[in-house]
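Colleague: missing the sequence, but the structure's below:
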Ligand SMILES: Nc1ncnc2c1ncn2[C@@H]1O[C@H](COP(=O)(O)OP(=O)(O)OP(=O)(O)O)[C@@H](O)[C@H]1O
């Protein structure tokens, strides 16, 4: 069963406040409205660790808020853990642990009282041992009876994680979970995500810290201007991306004898440089062009001594899919139905913005 199912979900925030009779009769949208989420369809399977990425303002928090019925979609349907996100929001929240972005503490309550409060809101009875266990798990046992107003930023974030974890939720929604954590805290948070996944919990994980995402996620979805422009495993996104991999090839004999123009002419190859001193050439190419490069060298009778590849980093991928490197990948490659094709021109979007 799917843990999260979004079907053609759109969320428009009405900014203009104009009466509907003044609204454009064709699109029925006030040009001052903000389309935070635009016709997004997405399925996250049970037990998956799913990374939700996108630049500032892409629509990630709005999507998360719709899963929890804090915000209602303008169009489309949302199911969480097999329940309707709106009609069964109480049931969804009882089985979901949430670490919200920008969580703040109640200064006068202790850490323990915060987690007890979270346990109470999830309807857990006699939760004392479970509260103790999650405080221990996030490394707050020693500080549990101190007022949270005196907690450091990292301790507040650990407390938020403890509140999300109490009651062994079926779904964990983590919005920027490593914010404020030092490297050791970020590693502990990753370990907790991995442990939760091993116990079968679905984790929906939004973050700007791409190494965190790469370390823990099975698949990622990339949002851009409200639309889901790619959904896949990081490995597949790498294969399909325009972001370059680098192939460094050492050859036997004179590298200047290589027909570099023929290599450059191969599909997916963007540049070739030769280094005579090292008898090597460096090829910048898309992930799936590397085999063709080696085959071309062999067909020229060049003996390949060895080769190394450097894959595009997740940051390169992110930039290539969100267009922040100057390219436009709104074709999405692997975007699911409703997520890939642009539904309006850039001009229209400028008018809206
Ligand atoms: N309550 C609201 N009223 C009006 N516009 C809103 C509201 N909430 C979000 N928006 C707008 O919707 C768009 C998407 O915002 P959202 O917070 O979902 O982005 P995000 O991807 O979570 O960004 P960030 O990474 O900065 O947190 C933005 O243009 C934002 O200004």
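Modeller: Cool, the structure landed. Just so we're clear, the structure is a prediction, and the values are computed from it rather than from any experiment. Numbers count the residues shown, from 1 in each chain.
Colleague: Please make it C-alpha for all contacts and neighbour counts, starting now.
Modeller: Noted.
Colleague: tally of neighbours for the closest residue to residue 55 other than its chain neighbours?
Modeller: Excluding its sequence neighbours, the residue lying closest to residue 55 (CA to CA, 6 or more residues apart in numbering) is residue 224, at 6.9 Å. By other CA atoms under 10 Å, 24 other residues sit near residue 224.
Colleague: pretty sure residue 224 is in contact with residue 318, am I right?
Modeller: No: if you go by CA atoms under 8 Å, residue 224 and residue 318 don't touch, sitting 10.2 Å apart.
Colleague: intersection of neighbour lists for the two?
Modeller: residue 54 (CA atoms under 8 Å, 6 or more residues apart in numbering).
Colleague: what about residue 276, how many neighbours?
Modeller: Neighbour tally, residue 276, other CA under 10 Å: 12.
Colleague: dump the residue contacts of it.
Modeller: Residue 276 neighbours (CA under 8 Å, 6+ apart): 254, 255, 256.
Colleague: quick one: which of these is nearest to the ligand?
Modeller: Nearest to the ligand among the contacts of residue 276, counting by CA to the nearest ligand atom, is residue 255 at 47.1 Å.
Colleague: contacting residues around that closest one?
Modeller: 274, 275, 276, 279, 280, 281.
Colleague: which SSE is the last one in?
Modeller: Counting by DSSP states H and E, the element that carries residue 281 is strand 280-285.
Colleague: Just the buried residues of that strand, please?
Modeller: 280, 281, 282, 283, 284, 285 (16 or more other CA atoms under 10 Å).
Colleague: Show me how far stretch 58-69 is from its chain's centre.
Modeller: The chain centroid and the centroid of stretch 58-69 are separated by 13 Å, computed with CA atoms, centre = their mean, to the nearest Å.
Colleague: who's in contact with the residue most central in space within the chain?
Modeller: Centroid-nearest residue in the chain: residue 52, 2.3 Å away (criterion: CA atoms, centre = their mean). Residue 52 makes contacts with 60, 204, 205, 206, 207, 220, 221, 222, 223, as judged by CA under 8 Å, 6+ apart.
Colleague: Residue in the stretch 151-300 of the chain with the shortest distance to the ligand?
Modeller: Counting by CA to the nearest ligand atom, the stretch 151-300 of the chain gets nearest to the ligand through residue 226 (6.8 Å).
Colleague: surely that residue meets residue 36?
Modeller: Yes: the criterion here is CA under 8 Å, and residue 226 meets it with residue 36 at 5.1 Å.
Colleague: what secondary structure does residue 221 sit in?
Modeller: strand (DSSP: H, G, I helix; E, B strand; the rest coil).
Colleague: what do you get for residue 15?
Modeller: Per three-state DSSP, residue 15 ends up coil.
Colleague: What's the local residue count around it?
Modeller: Neighbours around residue 15, by other CA under 10 Å: 11.
Colleague: OK, contacts around it?
Modeller: Residue 15 touches 32, 33, 34, counting by CA under 8 Å, 6+ apart.
Colleague: Near residue 278, how many other residues are there?
Modeller: 12.
Colleague: Residue numbering should commence at 52 henceforth.
Modeller: Happy to do that; since the first residue is 52 now, the last one works out to residue 329.
Colleague: So what's the predicted local confidence for the residue nearest to it when sequence neighbours are not counted?
Modeller: Nearest residue to residue 329 in three dimensions, chain neighbours excluded: residue 301, at 7.3 Å (CA to CA, 6+ apart). The pLDDT attached to residue 301 in the predicted structure is 92.
Colleague: Tell me if I am right that residue 301 is in a strand.
Modeller: Yes: assessed by three-state DSSP, residue 301 belongs to a strand.
Colleague: can you put the contacts of residue 66 in TSV and add neighbour count and secondary structure?
Modeller: Converted to TSV, the contacts of residue 66 look like this (neighbours: other CA atoms under 10 Å; DSSP: H, G, I helix; E, B strand; the rest coil):
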residue	neighbour count	secondary structure
83	16	coil
84	16	coil
85	18	strand
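Colleague: any idea which of those residues is the one closest to the ligand?
Modeller: Using CA to the nearest ligand atom, those come closest to the ligand at residue 85, 5.8 Å.
Colleague: Please name the bridge partners of the closest one.
Modeller: residue 64 (DSSP bridges).
Colleague: does it really touch residue 109, like I thought?
Modeller: No: assessed by CA under 8 Å, residue 85 is found out of contact with residue 109, at 11.3 Å.
Colleague: check which helix or strand covers residue 88.
Modeller: Residue 88 belongs to strand 85-96, assigned by DSSP H and E.
Colleague: In that strand, which residues are buried?
Modeller: For strand 85-96, using 16+ other CA under 10 Å, the buried residues are 85, 86, 87, 88, 89, 90, 91, 92, 93, 95, 96.
Colleague: Up against the ligand, what does this protein have?
Modeller: Selection of the chain residues close to the ligand by CA under 6 Å from any ligand atom yields 64, 85, 87, 105, 106, 107, 108, 109, 110, 111, 112, 113.
Colleague: Can you pull out the low-pLDDT segments for the stretch 52-201 of the chain?
Modeller: 67-82 (pLDDT under 70).
Colleague: Helix, strand, or coil at residue 159?
Modeller: Residue 159 - assigned by three-state DSSP - is coil.
Colleague: How about the contacts made by it?
Modeller: 198, 199, 200.
Colleague: Buried among those? Make that a ChimeraX selection.
Modeller: Typed into ChimeraX, the line below selects the buried ones among these, using 16+ other CA under 10 Å:
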select :198,199
